[in-house]
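# Task: produce atomic coordinates for the following.
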Amino acid sequence: MNLLVIPKVFPRQSVIGGPILIHHRIKNLSKMGYRITILAPASSEEDYKDKSLDAYCEDIVLIDSPKGRTSRQVKELEAELKRPPFFLSGDGGYNPQLDEAFRSLLARNSYDVIIAEYSMMGQYLEGAKDSIPRDTMTIISVHECYTQAFRQRVSKGEDISEQTIDKLFDYEFRMYRSANWVLSLTREDMEALIRLAPDLKGATGIVHHGVDTDFYTPPLDRSWDSNNILFLGNFQHHPNVNAVQNFMKHCWERISREVPDASFYAIGFGPPPELLALRSNRIIVREGGAHSNVRDVYWKSDVFVAPIELGGGFRGKMLEALACGLPIVSTRLAAFGIDPVNGEEMFVTDDYDEFTEHVIRLFKDIRLRKHMSARARALSERFDHKNAARKLDQVIRAYHRNR
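Numbering: from 1, shown residues only. You can find the predicted model right below:
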């Protein structure tokens with residue numbers, strides 16, 4: 001089958017988070033026989049120089065990402081395209097050159113399947129719906145429902161008008177309805193989509209995140225004497241900033257008092273000033289997390305914390321940490337899609353007193369830490385990227401079979 005993938009970030013191997021999920025989807029689907037074209041925005045010279053997907057693709061078309069738009073430019077685009085401002089700036093924000101390249105590919109080539117990876121890229125499918133052949137399957141892979149994310153932010157005190165959310169909802173779900181199939185990363189996210197738009201039931205499915213269990217492995221010589229706590233994430237994504245702030249506000253004081261040699265590492269792309277201001281000799285906030293070195297970050301850590309209260313989707317960093325044998329203490333939201341046995345494979349709680357107690361117990365009870373480490377690794381093996389690609393293949397073939 002011929003497959004066109006449109007991600008909001010070029011999924012080269014040297015990145016983390018959602019793009020690495022797409023990287024492995026492409027690689028494994030190619031090994032199954034799919035002939036794959038990527039159409040993606042390029043935001044750096046690294047994107048143009050990267051060759052990590054060349055062997056798995058028939059063609060890779062990169063289009064320069066638009067630089068930052070002024071508020072006036074965004075308003076002009078909003079009036080022209082009738083889309084909320086959220087879809088017109090930032091990663092994946094509307095790019096007329098990418099839109100033109102997409103329509104050109106449609107005119108020159110025949111595709112069995114087109115996948116928009118991230119809801120942001122679904123705008124190209126919706127905008128060109130009259131140009132897409134009826135026998136082409138169109139999929140929007142929802143890594144996060146934006147309407148739900150905005151409502152979460154309001155519940156945490158942000159001042160976002162109901163009118164803004166209504167406009168976002170109207171366009172986001174019109175976009176989903178324009179596709180043949182909508183994929184979620186977790187059961188919880190799929191159920192949230194259906195609650196917001198019951199008519200989508202029957203056109204939704206789940207293809208979970210994955211992890212490269214051949215690369216992410218426990219270290220051969222793990223030390224059980226250190227007390228290093230890790231949170232890793234892309235800090236341009238606000239829920240990750242909020243997670244670090246939650247940990248510092250609710251957990252760190254007691255942990256640092258009861259485990260005096262504990263250190264907390266907040267590692268990731270683009271830490272903002274409010275996180276950099278937290279730094280001390282035992283609180284390390286720094287840039288990091290490229291694929292080539294992120295495994296070392298996990299290997300030097302002892303406990304992974306995920307005090308996440310915002311956002312949706314499936315957090316690949318959780319699977320990477322599990323595969324590296326790190327015990328995890330997590331909120332319920334952060335564990336969506338993994339469905340761990342609480343207290344055995346992970347500790348899961350929304351009570352920060354319990355959250356803190358679990359971290360302290362793991363440091364004070366080495367036998368417990370070793371037990372949770374082994375169970376973490378075993379849990380991760382259910383989520384190998386190959387399994388996720390096979391599930392996506394089943395969704396595609398079932399659709400074409402039942403047309």
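# show me the contacts for the closest residue to Y298 other than its chain neighbours.
Sequence neighbours aside, C324 is the residue nearest to Y298 in space, at 3.9 Å (criterion: Cβ to Cβ, 6 or more residues apart in numbering). C-betas here are computed from N, CA, C, even on glycine. With contacts defined as Cβ atoms under 8 Å, 6 or more residues apart in numbering, C324 is in contact with 216-219, 295, 298-299, 377.
# same thing with L200?
Neighbours of L200 in contact, by Cβ under 8 Å, 6+ apart: 173, 176-177, 182, 193-194.
# try 10 Å this time
173, 176-177, 179, 181-182, 190, 193-194 (Cβ atoms under 10 Å, 6 or more residues apart in numbering).
# ok, now N109?
Taking Cβ under 10 Å, 6+ apart as the criterion, N109 is in contact with 2, 4, 37, 58-59.
# So which of those residues belong to strands?
Those of the contacts of N109 mapping onto strands are 2, 4, 37, 59, per DSSP state E.
# May I see those arranged in JSON lines, with distance to M121, pLDDT and neighbour count as well?
What follows is these, written out as JSON lines (distance: Cβ to Cβ, whole Å; pLDDT from 0 to 100; neighbours: other Cβ atoms under 10 Å):
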{"residue": "N2", "distance to M121": "18", "pLDDT": "97", "neighbour count": "15"}
{"residue": "L4", "distance to M121": "11", "pLDDT": "98", "neighbour count": "24"}
{"residue": "T37", "distance to M121": "14", "pLDDT": "98", "neighbour count": "18"}
{"residue": "D59", "distance to M121": "17", "pLDDT": "97", "neighbour count": "12"}
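# from those, which single one is nearest I165?
L4 (31.3 Å; Cβ to Cβ).
# correct me, but that closest one touches R108?
No - counting by Cβ atoms under 10 Å, L4 sits too far from R108 to count as a contact (11.5 Å).
# By neighbours, which of the contacts of C324 wins?
When neighbours are counted by other Cβ atoms under 10 Å, Y298 leads those with 23 neighbours.
# Secondary structure of that one: a strand, I assume?
No - assignment of Y298 by DSSP: H, G, I helix; E, B strand; the rest coil gives helix, placing it outside any strand.
# Contacts only, for it.
216-219, 230, 232, 267, 304, 317, 320-326.
# how about the lowest-mean-pLDDT helix or strand in the chain as PDB, C-alpha atoms only?
None of the helices or strands of the chain scores lower by mean pLDDT, DSSP states H and E than helix 291-299, at a mean of 81. C-alpha atoms of helix 291-299 as PDB (Å, rounded to 0.1, in the frame of the first residue of the first chain):
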ATOM      1  CA  HIS A 291      17.700  10.200  21.300                       C
ATOM      2  CA  SER A 292      21.500   9.700  21.300                       C
ATOM      3  CA  ASN A 293      21.900  10.600  25.000                       C
ATOM      4  CA  VAL A 294      18.400  10.300  26.600                       C
ATOM      5  CA  ARG A 295      19.100   6.600  27.500                       C
ATOM      6  CA  ASP A 296      22.100   7.700  29.600                       C
ATOM      7  CA  VAL A 297      19.800  10.200  31.400                       C
ATOM      8  CA  TYR A 298      17.500   7.300  32.400                       C
ATOM      9  CA  TRP A 299      20.400   5.100  33.300                       C
END
